[in-house]
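Chemist: all I have is the shape, not the residue letters:
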């Protein structure tokens, strides 16, 4: 069974290259398959190009879905990363 969490992008500039890179590095540290759902699209959270293609701006609600051996920890830590605004503000 997959683990899921919802977060809202609060960065003034949304998810641009630097936070996307930080997010992908964190997501890639987990064994689980991780996806981001937003705006009716679902993409691989371990692909910076896929994340950038979503155009995640401030106020966008995203759902993190992880499926695998460390799924609960993955969604918890990735949600915390989004909630921290990637340390930008």
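Modeler: Looks like it arrived, so ask away. Please read all numbers here as calculations on a predicted model, not as lab measurements.
Chemist: and residue 66, what does it touch?
Modeler: 2-4, 30, 32-35, 72, 74-75, 78 (Cβ atoms under 8 Å, 6 or more residues apart in numbering). The C-beta positions use only the backbone N, C-alpha and C, and glycine is treated the same way.
Chemist: secondary structure element holding it?
Modeler: strand 61-67 (DSSP states H and E).
Chemist: swap in residue 6?
Modeler: Short version, using DSSP H and E: residue 6 is in strand 3-8.
Chemist: surely residue 12 meets residue 57?
Modeler: No: using Cβ atoms under 8 Å, residue 12 makes no contact with residue 57, being 9.6 Å away.
Chemist: neighbour count winner among the two?
Modeler: residue 57 (14 against 10; other Cβ atoms under 10 Å).
Chemist: what sits against the more buried one?
Modeler: Residue 57 touches 9, 14-15, counting by Cβ under 8 Å, 6+ apart.
Chemist: ok, it to residue 77 distance?
Modeler: 23 Å (Cβ to Cβ, to the nearest Å).
Chemist: residue 69 reaches residue 31, doesn't it?
Modeler: Yes: with contact defined as Cβ under 8 Å, residue 69 reaches residue 31; the gap is 5.2 Å.
Chemist: pretty sure residue 46 contacts residue 36?
Modeler: No: the criterion here is Cβ under 8 Å, and residue 46 misses it with residue 36 at 10.0 Å.
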